[in-house]
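Undergrad: no sequence on hand, only this structure:
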C-alpha cells in the first residue's frame, strides 16, 4: 500500500502527540520532524531537521502537520511552509480565523497547495457539530460549554499574584445551565453564566491566604464576573492530581419541529488535550492527501471536507460497515 | 435570492414532516407533492399531483425528496425517479445498503443525476458520528445504543398475541452498559446486552394477563433473549402517554492515545422520529443542490458530503460565526 508521507513542523506537546499517534495509522509514515531548535538537542523517534532546511524535502513529504502555537508561530509559519508543502494546522484564535484564512488561502492557491486550517476540537470537531446541528434544526439554538479543563491563561494570571507559588485553574460547565438547555428552555446564556472557575493554588509559606483568595475572585475580566472557587493545596498535591492536560466540553443544540422538541448533544471527555488534538490533525492530514487528487487548491477547513476523507476506510468499506 | 425548488414524493409521516418543515428554509420552495393516491383525497398545503405525471415537472424541481418506506417503496421508486430528478432518501435497511447503492448509482450516473441515499439519523447523522470518531481515535471502539424509542416491529408482534387489543414497545438503552463504555472499559456487548424492552399492553376484558406476559417474554427473536418489562394499561392511557413517535440514541466512542483515555459521545433525544428525519432530508436536499454545480453525478451518502453543504450559510459566514 502507498503510504502518506508526513512531516511534523514544531516539537512541543502537539508535535510529540502527532509523533506518538501516527504509528496507529497504517496508511501513513512519519518522514521527519522540523524544529527551530538544534536538531541534536531533541530526542525523537525519527530524523530531526533544522527548519532552515525545510525546502529541501519537497519530494519526500505529502503533508506537513504544523504544530506551532496560534499566537505567533502559525500566522508566520504556515504562509512560509505552504510555499513548499500541503499543510494541516490547529489555528484556534476564533476571532482571527477569517483574516488568517484569507492569507493562507491566497498563498495556497498561488503555490498549488492545500492548507487545512483550524483543525482540532474547537475550532474543529465542535465546529462540525455546530454546523450539522444548526443546519438540520434551523428553528433552534446551539450552545457550547467548555471543560472541565485547564485554562492556561487563567492559571498564569493566578501565578502572577504576590504570595502564589503555583496554580492551576479549571473551567467547569455549570450543570444547571446545561440542564436548562437540555430541557429545551432556550435560555440566553453568556460565557460566565455557562461556566464556573475552580482554582488550585499553592501559596508561599507566610502568605496571607484570605488576601490571595480575595485578589483572585476580584480580578477583572478573568474572575470577577464568574462564580469562582479557590482551594489551597500543597505543591505535591498539585503535581500529583493536577498535572494532566485533561479537557473536554459539550455542544448542545435544542430545536423544534412544529410542536415537537429535539435535543442533539455532542461531548468530549479528554485525558490529554494535546494528544487528542494531534489525533484530529492526523485524520485531517489523510483528508488533505485525498483532496490533493482533486487539485482543489487553497485554504480549507474541516467544514469543507467530506467525513469519509478523514477515514482510512474506502467508501465501499464505510458503506458496508459504518453507514 | 434564487430558491431551491423541492418536490416531495410520498405523503406519509415523512412527507408530511418535510412539507411542514421546509418553510423554515428561506432558501427553499416547495413546488409540489407527488402521490400514488388520488391527489384530490389529500389535504396538503401545496399542489398535489399523481405520481403518474412525475416526468412532466423536470424543469420545475431541483431536488425530489423521496418519502416512501425502505421495505418496498424506495428500492423501486428511486431508480424510477432519478431518471428525471436529483433525489434524497432515507433508505435504512443497513444490510442492503451496498446493493441499493450500486443500483441507484448506476442509474444516477447514466441519467446525470445526484441521488443521496440513506439520509436520516441512523443511517445518516449517526453514521457521520461513527466515521469521525473512528477516524480520529483509531485505537478505540464505537458503540451505538438506540432509544428510548418505539419499535414498530416489536409493537406489532405483541398486538398479534391472543387477548391483546393494543400495544407499544419501547427499546431502551441499558444505563449500566453505557456507563461501562463511558468508563473506558471497552466491553464486548451484543445488541441485547445494550438494550431492554418495555411493553405497554392494552388487554381485552377477559384476557389472562399472566399468560400474555409469559407469551411476550418468551417470544423467540423478539423478546426471549432480552430483559423485558411488561405493563398493562388502559386504552386511554396508551393514547394519552404513548402516542408520540419519540426516539433517540447514543453513539459513544471510547479510545486512547498512549496512556490517555478519551470519550466522544453524540446523542439524540427526539420528540418526533419522522419529523427529525424530515429535517435531515431537507438539509441533504440543500447539499444535493450545491453538489449539482460540481456535476459529480452518482449515488452519494452523507459521508461523501462536506458539512458546509448542508448549511444555508455561506462558507465565509460559517468561518466567521460557527467555526
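TA: Structure received. This is a predicted model, so every value here is computed, not measured.

Undergrad: residue A:63 contacts residue A:3, correct?
TA: No: using CB atoms under 8 Å, residue A:63 makes no contact with residue A:3, being 11.5 Å away. Backbone N, C-alpha and C define where each C-beta goes, glycine included.

Undergrad: have a look at those two and say which one is more surrounded.
TA: Taking neighbours as other CB atoms under 10 Å in any protein chain shown, residue A:63 and residue A:3 compare with residue A:63 leading, 27 against 14.

Undergrad: ok, the closest residue to the more buried one other than its chain neighbours - how many residues close by?
TA: Nearest residue to residue A:63, sequence neighbours excluded (CB to CB, 6 or more residues apart in numbering or on different chains): residue A:285, at 4.3 Å. Residue A:285: 26 surrounding residues under other CB under 10 Å.

Undergrad: for residue A:285, which three-state class applies?
TA: helix (DSSP: H, G, I helix; E, B strand; the rest coil).

Undergrad: how about the one 5 residues further on?
TA: Classification of residue A:290 by three-state DSSP places it in helix.

Undergrad: pLDDT score assigned to it?
TA: Residue A:290 is assigned 97 on the pLDDT scale.

Undergrad: and what of residue A:72?
TA: Model confidence at residue A:72 (pLDDT) stands at 88.

Undergrad: how about residue A:266?
TA: The model's pLDDT for residue A:266 equals 98.

Undergrad: in a strand, it, correct?
TA: Yes: Residue A:266: assigned to a strand according to three-state DSSP.

Undergrad: ok, it - contacts?
TA: A:126, A:129, A:250, A:251, A:252, B:129, B:264, B:265, B:266, B:267 (CB atoms under 8 Å, 6 or more residues apart in numbering or on different chains).

Undergrad: and with 6 Å instead?
TA: A:129, A:251, B:266 (CB atoms under 6 Å, 6 or more residues apart in numbering or on different chains).

Undergrad: ok now do the second one, which residues does it touch?
TA: Applying CB under 6 Å, 6+ apart to residue A:251 gives the contacts A:126, A:129, A:130, A:144, A:266.

Undergrad: please apply the same query to the first one.
TA: Counting by CB under 6 Å, 6+ apart, residue A:129 touches A:251, A:266.

Undergrad: in contact with residue A:192, which residues?
TA: A:225, A:226.

Undergrad: distance check, the residue nearest the centre of chain A against residue A:283.
TA: The C-alpha lying nearest the average C-alpha coordinate of chain A belongs to residue A:120 (CA atoms, centre = their mean; 3.8 Å). Look at residue A:120 and residue A:283: by CB to CB, to the nearest Å, they are 11 Å apart.

Undergrad: same question, residue A:22
TA: 11 Å.

Undergrad: which one's more surrounded, the two?
TA: Neighbours were counted for residue A:22 and for residue A:283 using other CB under 10 Å; residue A:283 has more, 28 against 22.

Undergrad: buried residues, stretch A:113-130. List them.
TA: Within stretch A:113-130, the residues scored as buried using 16 or more other CB atoms under 10 Å in any protein chain shown are A:113-130.

Undergrad: same question for stretch A:146-160.
TA: Result for stretch A:146-160 [16+ other CB under 10 Å]: buried residues A:146, A:147, A:148, A:149, A:150, A:151, A:154, A:155, A:157, A:158.

Undergrad: now intersect those with the strands, please.
TA: When DSSP state E defines the strands, the subset of the buried residues of stretch A:146-160 inside them is A:146, A:149, A:150.

Undergrad: tell me the pLDDT at the second one?
TA: Model confidence at residue A:149, expressed as pLDDT, equals 96.

Undergrad: what sits against the closest residue to it other than its chain neighbours?
TA: Nearest in space to residue A:149, with sequence neighbours left out and distances taken as CB to CB, 6+ apart, is residue A:247 at 3.1 Å. Residue A:247 makes contacts with A:149, A:270, A:273, as judged by CB under 6 Å, 6+ apart.

Undergrad: give me that answer again for 7 Å
TA: A:149, A:150, A:270, A:273 (CB atoms under 7 Å, 6 or more residues apart in numbering or on different chains).

Undergrad: same check on residue A:303?
TA: Counted by CB under 7 Å, 6+ apart, residue A:303 has contacts A:127, A:128, A:131, B:306, B:307, B:308, B:318, B:323.

Undergrad: could you find the closest non-adjacent residue to the fifth one?
TA: Read it as residue B:307. residue A:131 (4.5 Å).
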